[in-house]
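Asker: sequence and computational prediction follow.
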Amino acid sequence: MKVYVASKFEEGPYVKKVMESLESAGHTITHDWTGESSVGKEGDELKQYLLKCATWDLEGVTSCDVLLLLNHPHGKGMFTEMGIALALRKPVIIVKPEIANNIFFHLPECRSVGTVGEAIELIQKMTKEAA
């Protein structure tokens, strides 16, 4: 299954480990944003870089089969990514929904789990059901 993992940008190292676990389970990550950095860029160079990053993120969400949201109390962009997935009627799996509650978590496209392990099991189940 093609998966986009959304979370707070500063959680990159943790997100990278989750992505590696998903890949080990046979899934494809549609965009790995964890290596992106705007450090040292400014002015037009910064604007162009941020445009590229936003485009890559958008393409990652639009090309995924499922969005995995690693919830964070201070997340911002992750909720934009979730909104894009929901607008496209893609399934969203939320890890620890109680951390930052969101009314959209109640939509039928959303499934909530307590751990990343449970999320990976759910994605495995979705893969089998889709086959």
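Answerer: Perfect, I can see it now. Residues are numbered from 1 along each chain as shown.
Asker: buried residues in the biggest helix by length in the chain?
Answerer: Assignment by DSSP state H gives helix 43-62 as the longest helix of the chain. For helix 43-62, burial by neighbour count (16 or more other CB atoms under 10 Å) applies to 53, 57, 60-61. The way it works is simple: take the backbone N, C-alpha and C, and place the C-beta from them, glycine included.
Asker: would you list those in JSON lines and tack on pLDDT?
Answerer: As requested, the buried residues of helix 43-62 are arranged in JSON lines below (pLDDT from 0 to 100):
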{"residue": "Cys53", "pLDDT": "97"}
{"residue": "Asp57", "pLDDT": "98"}
{"residue": "Gly60", "pLDDT": "98"}
{"residue": "Val61", "pLDDT": "98"}
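Asker: return the member of these nearest to Gly114.
Answerer: Using CB to CB, Val61 is the member of the buried residues of helix 43-62 that sits closest to Gly114, with 23.7 Å.
Asker: mind listing what the closest one touches?
Answerer: Val61 sits next to 4, 6, 30-31, 67, 81, 84-85, 88, 90 when contact means CB atoms under 8 Å, 6 or more residues apart in numbering.
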